[in-house]
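J.: Just to be clear, the model below is a prediction. Sequence and coordinates:
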Amino acid sequence: MTETGGIDPDTWNRWHVVGCHDELPDDGARATRLLGRAITVERRGSGAEVRLTGGGALPVKVAYGYVWSSLGTPGPLFELPEHAEADRRNLNGCSFFVRTSPPRAIENFLDMAHFPFVHTGILGEEAHPDVKDYDVAISTDGREVVASNCHFYQPKAAAASTGGVDVTYRYRVPHPWCAILYKDSPAKPGRSDVIALFVQPCGEEEIVANLALFILDDDTPLPALRRFQQQIFVQDKPILENQMPRRLPLYPRADSPVRADKASIAYRRWLRQLGTSFGVLS
């Protein structure tokens, strides 16, 4: 057993989200878990403090509206420049505890094929079940997976949508447990709303899924924006919790791939390249 407690070095030395900064209590610390370790998270003005329960202080960073920490020695956090654009409304759409592994949650976020059947009448409808071919690749520097030229018909693509449209998607996975979606903005044509899934890896089969919104929508009330995302995730939660095994299989021929699974295939390949063992079966 190494000092990392058997956790692979890439996972041990990354930043991981541990809470939404604005939703932390004004006084006192919140108890939670990170990679199976009990920790406390406390807001300190515009900053925060994260500690191992009964132990020492951990590295801490506040970025994109969330508190991030690490059990190891983290490098730079991935960039999300849209967060700094003045005309965006940035908020935590929802945070849900889910009994699943971190990579299962990311893979579900990337899966367009489930839209017509799980999110019927919102992100898809059964009359339009086909996933059109799209492009996917691991970046040349090996730091992220990118899926582009994704197109899907959606009856209600966003809280501000007034009718069904063919929506263009682009996905980035710049972190094993974080995925970022860029989709056509109904309020500002030619630009994209940004929705990010920041997964807190509480344990190998327990997570907190945080949906971060960076939205170009000046009119929809914040409660309505949150309700829209919560409605979608409530539909996803039982799907995630009923997937077996809960840990994502990375061994060859674990699943039978089809064209719609191109992003998943690239994501699994990337995790193998990183040497990820946390939350997976290899």
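T.: Yep, it's here.
J.: contacts, neighbours, all on C-alpha from now
T.: Fine.
J.: My guess is residue 138 contacts residue 145. True?
T.: Yes: at 4.4 Å, residue 138 and residue 145 qualify as touching, with contact defined as CA atoms under 8 Å.
J.: Quickly list what's touching both of these two.
T.: 266, 270 (CA atoms under 8 Å, 6 or more residues apart in numbering).
J.: out of the two, which sits in the busier spot?
T.: For residue 138 and residue 145, the more surrounded residue by other CA atoms under 10 Å is residue 145, and the numbers stand at 24 against 19.
J.: quick one: contacts for that one?
T.: 136-139, 171-174, 263, 266-267, 270.
J.: do the same with residue 194
T.: 82, 180-183, 213-215.
J.: beta partners of it?
T.: According to DSSP bridges, the residues that bridge with residue 194 are residue 182, residue 214.
J.: how near is it to residue 46?
T.: Taking CA to CA, to the nearest Å as the measure, residue 194 falls 23 Å from residue 46.
J.: Let me know the secondary structure of residue 108.
T.: Residue 108 carries the three-state label helix when classified by DSSP: H, G, I helix; E, B strand; the rest coil.
J.: For it, give its distance to residue 178.
T.: Relative to residue 178, residue 108 is positioned 12 Å away (CA to CA).
J.: Name the residue in those two with the higher neighbour count.
T.: residue 178 (23 against 15).
J.: next one: whatever helix or strand residue 62 lives in to chain centre, how far?
T.: Element membership of residue 62, judged by DSSP states H and E, is strand 60-63. Taking CA atoms, centre = their mean, to the nearest Å, one finds the center of strand 60-63 at 17 Å from the center of the full chain.
J.: partner strands of the helix or strand following it, parallel or antiparallel?
T.: Downstream of strand 60-63, the next assigned helix or strand under DSSP H and E is strand 66-69. According to DSSP bridges, strand 66-69 forms sheet pairs with strand 16-20 (antiparallel), strand 60-63 (antiparallel).
J.: Pull up the gap between residue 225 and residue 91, please.
T.: Distance of residue 225 to residue 91, computed by CA to CA: 9 Å.
J.: This structure: helices as residue ranges?
T.: Remark: helices assigned in the chain by DSSP state H are 9-12, 102-110, 115-118, 222-241, 262-274.
J.: most packed of these?
T.: With neighbours taken as mean count of other CA atoms under 10 Å, the helices of the chain reach their highest mean count in helix 102-110, at a mean of 23.
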